[in-house]
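**Q** Fold the stuff below for me.
(2 chains)
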Amino acid sequence: MAGGKGAGGVLKLAVVFIAILALGLGTFKPLMNAMKLGLDLKGGVHVVAQAQSTPDHAVTAEDMAALERVMRDRVDQLGIAEPLIQKEGNDRLIIELAGVSNPEEAIKMIGKTAQLEFKTSDGQVVVTGKDLKDAKAIIDQATGEPEITLQFNAEGTKKFADVTQKLVNSYPYGDPRRAIGIYLDQQQLTNPQVQTAIPNGTARITGGFANFEEAANLAALLRGGALPVPVQLIEHRIVGPTLGADSLAKSKNAIIVSMVLIALFMLAMYRLPGVVAIFSLVIYALIILTALWLLKATITLPGIAGILLSVGMAVDANILIYERLREELRNGKTLRAAIDAGFRHAFVTIVDTNSNSILAAVVLYYLGSGAVRGFAINLGLGVLASFFTAVTLTRFLLHLVAEVPWFQGYGFYGVKGPDQQVPTVRGGA
Amino acid sequence: MYFDFIGKRKWWYALSLLVIIPGLIAMVLHRPFLNYGIDFTGGNILEVKFHQTVNTAQVREVMDSLNLNQSSIQESGANEFLIRSKELDDNQVKQVTGALQSKLGQMEVIRNDHVGAVIGRELEIKALEAMALAWVLMIIYITLRFGDFLSGLTAILALVHDVLVVTGFFAFFRWEVDSGFVAALLTIIGYSVHDTIVIYDRVRENLRLRKRETFEEIVNKSINQTLRRSINTVVTVLIPLVALLVLGGESTKGLALAMLIGTISGCYSSIFNASPLWVDLRRLTRERHRQAAISKTAVKMENEAATKGKARKATPH
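**A** Here you go, the predicted model:
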């Protein structure tokens, strides 16, 4: 009877371990490949744009939404797949463009966020981008020439009507003073003559465009210039593709080497339970990677550091359990009883230590931003996953191993202890 | 036989001070007290790779010719250089790359970071806020779980120790402090407290089984019982950190180094500072309670002789 149970135990053990191994080998690589890599690993541009409040206008949520739209427009014009544009805080936008071929050009394009100004010939600002609602490039049906139509908002319409009326009244057609210059970033884009007073808030800029594309580009700039607030690029980081590839290769090396060394250490320290810990950690790593994948997290270098550290924490739960197990065995408990007692005692400690880490992770998440938040998520996930694998999987696997008659010698558990076998089944298989 | 951790505690405190004080002095002597990287101060990092042999002196010469002699130049690989400078605008960056190109030959810009100074300050303030709040919550949690405010207090004192050690090392050696350093400090405070809690947990358990041992003996026993776990855990955390430091890229060096020092300090402080401090503070407060109790009973004794037996119990001699 004992023999039958033993053989069944061996079979069960083999099946479970091979299943974990297959799961690990089969899913690890595709999961890694499916991960979204951060710019520091892939190369690309990271830009932080800061919307600036002026004395008479504080940045509002609507302003930020408008800014985000404009930025998305521009990035789309650059033809970049999967750009990341996200708000940070109340007045910042993070724009990440992976694998962009000409990063300087991209930054310049994004950075053209200076305010749009309409000036009369004497340099007086009559209308600003705040007053502009839309700018579109079209082809005039009659002439076939490209032109730009401008649409002002209510306030802009009134201002524009007043000033065009005044210019038309003051100067004859063709007089250079009857022009309204359009400036972006203090640079003149165009200086059209005012033909008639424009009361309805719709103006056209005609002539002078070499082709439709030029008109479209200018329209895009005007739309962009129609930002309600000035914007400044306060940070940009460009990572070349070679550096990214290099970082990725280096981190992969660091991960592999540390995994192998941790496995060897656990094996040397804890023998058979060490093997259990390694299999437990495989599942732990899969849980973490899957969770990050589901959260659509972007893997960055600090993120990798965080994950590596969480492996260290996951090992800690195992070490706590095994040290207790060893103590219980030394006190003369049977293997099964020692495993149970070891878990019971270690459980309290694991709950206490992990609760503190969760506390830290939650605080970091709520108070932190950007990289710190990412770190907090990794930390929190790591703690939860390690708790789960330690108290369920490690325990299950350990019981499975302990049921196998061959594996019941104290030596397997790193205990010299009394020279006796654990008094359960022996020699059945 | 147990090793006497508690009895020799003066030596452990002294060792901690020996490590912390040079760092504190370095912080006082230097302005700013840490060597802030561009994440904090704002500035530019340019990493370039030449297609031919170029040395640091040549790069420095070019930078000097542009009046950028404050820049730090560091070889980051074969013919690869990391140039850190004050904040440069796009035209200035173009000037630098143009000059390097024309004087030293074909090269490739593999990294170009520009960071404004605002972000750094915010990062610092937010990190400090986060740390402070985390500490308060931890004190509350530990106090509730171990039924003694002093346990929470000493656990956090050990964390303060770790933060001082790590910051001190970076101040003393003028290592550059970047956002990775902040992340490292935050992780350390989330992680180092593990070791302390494991020991305190054991203390709580041993107190329950207590026979005639003093609190001091129980703490000492608890440290000894959890010692193997403390050491083995630190080893498994140190393994990836060392791997990251040796094999990883330039950008994770600061993080790995800070974590390495913090982890070692955290292990040390849990064993050699937190628990002994708990013993000391507990003795101090108990002593006061006992003094108060003694004087109270003395008054009582004068008043009624009938309570003699009780009074004898309360007085130690």
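
**Q** mind listing the strands in chain B by residue range?
**A** B:35-36, B:43-50, B:72-77, B:80-85, B:107-115, B:176-177 (DSSP state E).

**Q** count of neighbours near residue A:176?
**A** Per other CB atoms under 10 Å in any protein chain shown, the neighbour tally for residue A:176 reads 9. Placement of C-beta: from N, CA and C, glycine included.

**Q** Look up the closest residue to it, ignoring the ones flanking it.
**A** Spatially, and ignoring its direct neighbours in sequence, residue A:176 is nearest to residue A:121 (6.1 Å; CB to CB, 6 or more residues apart in numbering or on different chains).

**Q** so what's that neighbour up against?
**A** If you count contacts by CB atoms under 8 Å, 6 or more residues apart in numbering or on different chains, residue A:121 has them with A:176, A:177, A:179, A:181.

**Q** Please list only the buried members of those.
**A** Taking 16 or more other CB atoms under 10 Å in any protein chain shown as the criterion, what is buried in the contacts of residue A:121 is A:179, A:181.

**Q** Tell me which entries of the contacts of residue A:121 lie within strands.
**A** Per DSSP E, the subset of these in strands is residue A:181.

**Q** ok, back up a step: what would the strands of chain B look like in CSV with mean neighbour count, distance to chain A and mean pLDDT?
**A** Output for the strands of chain B, formatted as CSV (neighbours: other CB atoms under 10 Å in any protein chain shown; distance: least, CB to the nearest CB, whole Å; pLDDT from 0 to 100):
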stretch, mean neighbour count, distance to chain A, mean pLDDT
strand B:35-36, 18, 15, 86
strand B:43-50, 22, 7, 89
strand B:72-77, 15, 8, 84
strand B:80-85, 21, 9, 88
strand B:107-115, 21, 4, 86
strand B:176-177, 24, 14, 88
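
**Q** Quick one: closest of the ones you listed to residue A:407.
**A** Residue A:407 lies closest to strand B:72-77 among the strands of chain B, at 49.1 Å (CB to CB).

**Q** what lines up beside that closest one in the sheet?
**A** strand B:80-85 (antiparallel) (DSSP bridges).

**Q** what's the angle from the strand it pairs with to strand B:43-50?
**A** 160 degrees (axes from the mean of the first three to the mean of the last three CA atoms, to 10 degrees).

**Q** CA-only coordinates of strand B:80-85 in CSV, if you can.
**A** These are the backbone C-alpha positions of strand B:80-85, laid out as CSV (Å, rounded to 0.1, in the frame of the first residue of the first chain):
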residue,chain,number,x,y,z
GLU,B,80,32.4,56.1,-26.8
PHE,B,81,32.1,59.1,-24.6
LEU,B,82,29.6,60.4,-22.1
ILE,B,83,29.7,64.2,-22.0
ARG,B,84,27.7,65.9,-19.2
SER,B,85,27.3,69.6,-19.5
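
**Q** contacts for it?
**A** B:37-38, B:43-50, B:54, B:56, B:59, B:63, B:68, B:70-76, B:96, B:110, B:250.

**Q** beta partners for residue B:45?
**A** According to DSSP bridges, beta-bridge pairing links residue B:45 with residue B:84, residue B:113.

**Q** same thing with the one 4 residues further on?
**A** For residue B:49, the beta-bridge partners under DSSP bridges are residue B:80, residue B:108.

**Q** Pretty sure it sits against residue B:104.
**A** No. The criterion here is CB atoms under 8 Å, and residue B:49 misses it with residue B:104 at 11.5 Å.

**Q** so what sits against both of those two?
**A** Residues touching both residue B:49 and residue B:104 (CB under 8 Å, 6+ apart): none.

**Q** on that earlier part again, could you export the strands of chain B as a markdown table, including distance to residue A:189?
**A** Listed next are the strands of chain B as a markdown table, based on distance: least, CB to CB, whole Å:
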| stretch | distance to residue A:189 |
| --- | --- |
| strand B:35-36 | 40 |
| strand B:43-50 | 30 |
| strand B:72-77 | 41 |
| strand B:80-85 | 33 |
| strand B:107-115 | 26 |
| strand B:176-177 | 43 |
